[in-house]
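Starting from these lines, generate the structure:
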Amino acid sequence: MSSTENGDIKTKNDSEKPKEQFTSHELGKDHVEAPKYSCALGGAYGTALGVYGLVPLLHAGLGCGLGQLFGQLYAGGQNAGGPVGGTSTATTGLVEEHVIFGGEDKLRKLINASSEVYKDDKFVVISGCIPALIGDDVEAVIREYEDKLPIFHINAPGFNGNSYEGYELFFEALIDQILTPLPIEKGVVNILGVVPYQHIFWKGELLSIKKLLESIGLKANIIFTEPNGFEKLKELPAAEYNIVLSTWNGHRTAEKLQKKFGTPFISFPSVPLGPKQTSHFLRTVGEKLEVPSEKVEKFIEEEERRAYRFIEYTGDALLIVRPHSYFAVVADSNKAIAINKFLVNEMGYLPDIIQLTDNPPEEYRESIIEALTEDLISTTKPEVVFEPDAYLAREKLRDRPFQFLFASSLEANSSLPELGALHVTVAFPSFNRVVLGDSYAGYDGGLRLLEDYISTFAGPL
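Numbering: from 1, shown residues only. Alright, predicted model coming up:
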């Protein structure tokens with residue numbers, strides 16, 4: 001560093017490069033952008049908030065709860081945390097003195113006070129970075145309440161991983177501390193792999209899957225959004241099958257349930273989107289759970305006829321204005337796989353580049369690439385990139401032929417002026433789209449996606 005004549009501090013970069021030479025291509029090298037997910041604590045916290053009747057108690061730093069309000073909840077479709085989340089989150093609010101003397105007594109006081117305020121509710125203590133670093137014996141504190149309160153503990157320091165890891169930690173803790181064997185109920189399935197808030201359409205997706213399975217005579221335990229959520233958690237061991245709607249997230253949970261309770265599981269690469277994916281999903285599940293094929297096929301025939309008839313109404317807009325367009329996706333692998341297959345196999349669109357933002361473990365990446373590139377009715381296959389960094393992902397989109405960009409709100413402002421592409425927000429973070437019951441799941445999900453992206457260019461034909 002050096003001083004100028006008027007005494008201002010000047011950095012080395014400033015002296016070597018005039019300010020006017022910085023271009024939009026370098027935005028991100030000198031700025032911090034919003035990430036594509038939160039930390040492990042954020043994922044466990046968001047998952048807990050999705051279970052109605054479960055109160056999260058954060059044993060963490062003073063800013064962790066408020067940070068998750070902006071970084072996880074608002075980013076998940078501008079959603080609040082409900083009566084026990086956001087600014088109402090109960091927290092020990094650990095500060096410097098607790099780093100020195102420990103925070104166990106503060107945790108006891110928090111549990112005692114919360115049990116007085118939230119009567120008849122259940123509790124989960126989520127430990128963050130500070131107690132993990134200073135060695136608080138949270139398990140010992142929880143044991144003091146074993147016969148007094150329904151409570152369990154998740155050790156989820158932020159440095160353990162991202163939001164998706166927090167989801168797995170939530171269920172692993174639940175399985176180890178709460179769940180006990182139950183008689184198997186024929187026709188009951190648990191739905192895993194959809195992460196509250198992190199998957200911005202989680203509420204609508206789960207409800208859609210529940211209704212689809214009910215239509216062929218099955219009962220889906222979706223846990224989240226159910227009025228008796230904690231009881232639904234305790235019913236997990238009663239399922240005949242677990243269904244994982246992800247190439248990787250939720251698999252650890254399904255494997256742990258299988259090991260402890262013997263529950264088999266079946267996985268799909270994503271939540272089904274549109275007629276072809278949904279029909280395949282229903283046929284596969286129906287066969288596994290021995291649903292009469294006549295019942296499944298009757299429902300599929302009715303729904304496909306309706307869905308394709310409705311799709312025909314978009315014919316002029318699709319064929320006259322933007323036929324067979326190239327598209328790009330910047331999203332988590334769950335959403336990217338579903339959108340890619342629908343646009344290619346049902347709409348005749350051409351995949352250009354797909355960038356995956358959820359940072360899946362290495363052992364799952366080959367299967368994710370296969371799900372994105374195989375079984376496509378197209379001579380064109382997408383370039384697949386694993387890129388959680390928002391700046392680098394945007395740079396990889398430059399100078400490409402795509403006309404549509406399905407991504408997060410981070411890409412919204414630069415999509416048309418810098419990339420020449422129409423933008424639809426489909427992934428986390430979603431600061432420009434409020435998501436309540438919306439989803440792209442099922443037969444109606446395909447129609448909804450068509451509405452959203454055709455609306456970006458539709459006008460007088």
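
Flag the shaky bits of this structure, pLDDT-wise.
Along the chain, the model assigns pLDDT under 70 to residues 1-33, 100-102, 461.

Show me how it divides into domains.
Domain assignment of the chain by automatic domain parsing yields the ranges 40-177, 185-304, 317-454.

can I get those domains in CSV with mean neighbour count and distance to I311?
Where C-beta positions appear, they are placed from N, C-alpha and C, glycine not excepted. Formatted as CSV, those follow (neighbours: other CB atoms under 10 Å; distance: least, CB to CB, whole Å):
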stretch, mean neighbour count, distance to I311
domain 40-177, 20, 26
domain 185-304, 20, 8
domain 317-454, 20, 7
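
now the ones you listed as JSON lines including distance to F310?
Formatted as JSON lines, those follow (distance: least, CB to CB, whole Å):
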{"stretch": "domain 40-177", "distance to F310": "25"}
{"stretch": "domain 185-304", "distance to F310": "10"}
{"stretch": "domain 317-454", "distance to F310": "6"}
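
Doesn't L41 lie inside a helix?
Yes. Note on L41: a helix contains this position according to DSSP: H, G, I helix; E, B strand; the rest coil.

how about it, what does it touch?
In this structure, L41 makes contact with 58, 60, 64, 68, 126, 128-129, 156-158, 166, judged by CB atoms under 8 Å, 6 or more residues apart in numbering.

redo that, cut-off 7 Å
Counting by CB atoms under 7 Å, 6 or more residues apart in numbering, L41 makes contact with 60, 64, 126, 128, 156-158, 166.

ok, these vs V51, which is closest?
Nearest to V51 among those, counting by CB to CB, is I126 at 12.5 Å.

so after the strand or helix carrying the closest one, what's the next helix or strand?
Per DSSP states H and E, I126 falls inside strand 122-127. Under the assignment DSSP H and E, the closest C-terminal helix or strand after strand 122-127 is helix 129-134.

Output that following helix as PDB, restricted to C-alpha atoms.
The C-alpha coordinates for helix 129-134 follow below in PDB (Å, rounded to 0.1, in the frame of the first residue of the first chain):
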ATOM      1  CA  CYS A 129     -19.900 -24.000  15.700                       C
ATOM      2  CA  ILE A 130     -19.200 -22.500  19.200                       C
ATOM      3  CA  PRO A 131     -20.300 -25.500  21.300                       C
ATOM      4  CA  ALA A 132     -18.600 -27.900  18.900                       C
ATOM      5  CA  LEU A 133     -15.300 -25.900  19.200                       C
ATOM      6  CA  ILE A 134     -15.400 -25.500  23.000                       C
END
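
Roughly how far does N340 sit from P460?
31 Å (CB to CB, to the nearest Å).

residues in contact with the strand holding I126?
Residues outside strand 122-127 that contact it (CB under 7 Å, 6+ apart) are 41, 44-45, 48, 53-60, 107, 111, 114, 138, 142, 149-157, 230.

Run the chain-centre distance for it.
Its chain's C-alpha centre and that of strand 122-127 lie 21 Å apart, by CA atoms, centre = their mean, to the nearest Å.

tell me which element the residue most central in space within the chain falls in.
Against the mean C-alpha coordinate of the chain, by CA atoms, centre = their mean, the closest residue is H199 at 2.4 Å. Using DSSP H and E, H199 sits within no helix or strand.

Apart from its neighbours in sequence, what residue is nearest it?
N334 (6.5 Å; CB to CB, 6 or more residues apart in numbering).

Which strands or helices does the strand or helix carrying that neighbour pack on?
Per DSSP H and E, N334 falls inside helix 333-345. Other helices and strands packing on helix 333-345, by 3 or more CB pairs under 7 Å, 6 or more residues apart in numbering; DSSP states H and E, are helix 274-288, strand 326-331, strand 350-356, helix 362-373.

who touches that helix?
Against helix 333-345 from outside (CB under 7 Å, 6+ apart): 199, 246-247, 269-274, 276-277, 327, 329, 349, 351, 354, 356, 358, 360, 368, 371-372, 376-378, 382, 406, 426-427, 440, 446, 449.

go on, stretch 204-214?
Against stretch 204-214 from outside (CB under 7 Å, 6+ apart): 189, 191, 194, 199, 220, 222, 224-225, 271, 278, 282, 285, 437-439, 441-442, 445.

one more time with 6 Å
Residues from elsewhere that reach stretch 204-214 (CB atoms under 6 Å, 6 or more residues apart in numbering): 191, 194, 220, 222, 224, 271, 437-439, 441-442.

Tell me which stretches of the stretch 351-461 of the chain form strands.
For the stretch 351-461 of the chain, the strands defined by DSSP state E, counting those that start in this stretch cover 383-386, 404-407, 422-425.

What pairs with the second one, parallel or antiparallel?
Same thing as strand 404-407. Strand 404-407 sits in its sheet next to strand 326-331 (parallel), strand 422-425 (parallel), going by DSSP bridges.

just to revisit the earlier point, would you mind telling me which of the helices and strands packed on helix 333-345 is nearest P83?
P83 lies closest to strand 326-331 among the helices and strands packed on helix 333-345, at 30.4 Å (CB to CB).

what angle sits between that closest one and helix 333-345?
170 degrees (axes from the mean of the first three to the mean of the last three CA atoms, to 10 degrees).

the inter-axis angle of strand 326-331 versus helix 362-373?
Using the same axes, to 10 degrees: strand 326-331 against helix 362-373 is 150 degrees.

So for L449, what's the nearest residue that isn't a sequence neighbour?
The shortest distance from L449 to any non-neighbouring residue, by CB to CB, 6+ apart, is to Y440 (4.9 Å).

Just confirm D352 contacts Q403, I think it does.
No. Using CB atoms under 6 Å, D352 is not in contact with Q403; the gap is 9.1 Å.

got any residues that touch both of those two?
Shared contacts of D352 and Q403 (CB under 6 Å, 6+ apart): Y326.

Export the contacts of stretch 204-214 to CSV and append columns for distance to V291.
Below are the contacts of stretch 204-214 laid out as CSV (distance: CB to CB, whole Å):
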residue, distance to V291
I191, 16
V194, 22
A220, 13
I222, 18
F224, 24
V271, 20
G437, 27
D438, 28
S439, 23
A441, 19
G442, 17
